[in-house]
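Undergrad: Got a predicted model here, sequence first, then my questions.
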Amino acid sequence: MLAETRRYNVLACGRRWGKTTLLVDLAVNAALDGKRVGWFAPTYALLEEAYGRMRRTLEGVITQAAQSPHPRLELYTGGAIEFWTLDDPYKAGRGRAYHLAIVDEAAFAKRLDVAWEESVGPTLTDYRGSAWFASTPKGKNYFFELWSRGQGDDPDWKSWRMPTSTNPHISAEELAARRRSMPELAWRQEYEAEFVDAEGAVIRREWIRVADPPERKALEVYQGVDLAISTREDADYTAVVTVGKDKEGRIWVLDAVRTRETFHRVLELIKSQAARWQPRVIAIEQVQYQAAVVQELLRTTALPVRGVRPDRDKLARAMPLIARYEQGLVYHAPALPKAFEEELTAFPLAEHDDQVDALVYAYQASAGGWGLKPETQRRYAVR
Ligand SMILES: Nc1ncnc2c1ncn2[C@@H]1O[C@H](COP(=O)(O)OP(=O)(O)OP(=O)(O)O)[C@@H](O)[C@H]1O
Ligand SMILES: [Mg+2]
């Protein structure tokens, strides 16, 4: 790859391929050569990782390691590396000039198009600098556009696609085990570095098994709640989904209900579903508008409520559950409403996905997931 380098280079690779290792090497060598380098990443956590690696590598030749106004390393050679997040795609690198711009995990930047055209690109004009974009793909977004440019006949652009398996430091057995534990589509994106379409990421109808669930006492029951933000006609539904886990670890979807009612009615619905199924945990999505629901339930009931904060995007969150469906380990009770299956098989492209979200929360709770214990949450509840 290094032998084939052009002015603009786009590298799509699988997780743990060695992207950051390669980019750090490029940045370090350029800075030792007296060049000015701009390092860009979507989040501060990613920047810190790279900053730490370079600081350790360059120990002894650093004249200044500053944190403000943004992290930077100045070297005896006159070279420097400056670090920017792409949080604000209009601001990164403003007023600077670089010989080399590096964007790690480019596919995850919020507005890579704006960041490149208005912020990162212009930093290269003074020195006719070059750029590297590296990332694991994330569907066909702007990173894919840049990568495609490198496959065309523009002599300034070059791109590569490298599956994780081409990293000789990663064990083939370990990779094979990962592959078995994840949905095919996720594998292709994360480890084969393919630009897959989200359309492929659905739960197929034929994966769904329908059967009479075991007796209630043979199941550990969990509920997930996805709260709607408002009661407007076109707004989302509040959905409550109940799952049971049997001794073999199979998941039974027992019940799914939804409503577009008011705050008070939503509380009543959650309480009645809890009374009906006696769940071990009720995992309720808790983002700013909805914290009141969790607090109210903790204050006025003894229900095993846990507020959960969705961390990743919907699709990423649903992946482990999708894998379960694909493996034939999820069963639906025959009484489930038709609309539930419709929504599930149209995910993630359907208009509504509140029942899928609620199902994912219930599944995560059944998997021993996350969320604070009710006692802890009561202690810190805002009264
Ligand atoms: N050329 C190399 N020489 C030695 N080890 C390497 C090399 N390239 C990669 N590795 C090793 O491979 C692993 C992954 O490296 P790295 O963190 O750079 O990958 P990445 O693609 O950035 O991963 P992620 O997808 O998690 O960001 C690390 O253990 C790293 O030490
Ligand atoms: Mg990396």
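TA: Yep, that arrived. Ligands and ions are numbered 1, 2, ... in the order given.
Undergrad: Can you report how many residues lie near the residue nearest to G129 when sequence neighbours are not counted?
TA: Excluding its sequence neighbours, the residue lying closest to G129 (CB to CB, 6 or more residues apart in numbering) is H99, at 4.6 Å. Any C-beta I mention is one placed from the backbone N, CA and C, and that applies to glycine too. H99 has 20 neighbours, counted by other CB atoms under 10 Å.
Undergrad: So which bits of the chain are right by ligand 2?
TA: Along the chain, the residues adjacent to ligand 2 under the rule CB under 5 Å from the ion are K19, T20.
Undergrad: closest point of the chain to ligand 2, which residue?
TA: Across the chain, the shortest distance to ligand 2 (CB to the ion) belongs to T20, at 3.3 Å.
Undergrad: At the contact with ligand 1, which residues of this protein appear?
TA: C13, R15, R16, W17, G18, K19, T20, T21, T136, N167, H169 (CB under 6 Å from any ligand atom).
Undergrad: which element is T345 on?
TA: helix 338-346 (DSSP states H and E).
Undergrad: which stretches of the stretch 1-150 of the chain have low pLDDT?
TA: Across the stretch 1-150 of the chain, nothing is flagged by pLDDT under 70.
Undergrad: on that earlier part again, which other helices and strands does whatever helix or strand the residue of the chain closest to ligand 2 lives in contact?
TA: Using DSSP H and E, T20 sits within helix 19-32. On a contact count with 3 or more CB pairs under 8 Å, 6 or more residues apart in numbering; DSSP states H and E, helix 19-32 meets strand 8-13, strand 36-41, helix 44-58, strand 72-75, strand 80-85, strand 100-104, strand 130-135.
Undergrad: So which bits of that helix are buried?
TA: K19, T20, L22, L23, V24, L26, A27, V28, A30, A31 (16 or more other CB atoms under 10 Å).
Undergrad: thinking again about what came up before, in ChimeraX, select just the buried ones from the residues of the chain next to ligand 1.
TA: Buried residues among the residues of the chain next to ligand 1 (16+ other CB under 10 Å), as a ChimeraX selection:
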select :13,16,17,18,19,20,136,167
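Undergrad: which among the residues of the chain next to ligand 1 gets closest to E74?
TA: E74 has its nearest neighbour among these in T20, at 21.6 Å by CB to CB.
Undergrad: E48 is in contact with that closest one, correct?
TA: No - assessed by CB atoms under 8 Å, T20 is found out of contact with E48, at 11.8 Å.
Undergrad: ok so Y222 is a helix residue?
TA: No - assigned with DSSP: H, G, I helix; E, B strand; the rest coil, Y222 falls outside any helix and is strand.
Undergrad: For the stretch 201-350 of the chain, just list every one of the helices.
TA: 263-277, 291-300, 314-326, 338-346 (DSSP state H, counting those that start in this stretch).
Undergrad: swap in the stretch 51-200 of the chain?
TA: Under the criterion DSSP H, counting those that start in this stretch, the stretch 51-200 of the chain contains helices at 112-114, 142-149, 172-180, 184-190.
Undergrad: check contacts around the residue nearest to G129.
TA: A30, K35, R36, V37, Y127, G129, S130 (CB atoms under 8 Å, 6 or more residues apart in numbering).
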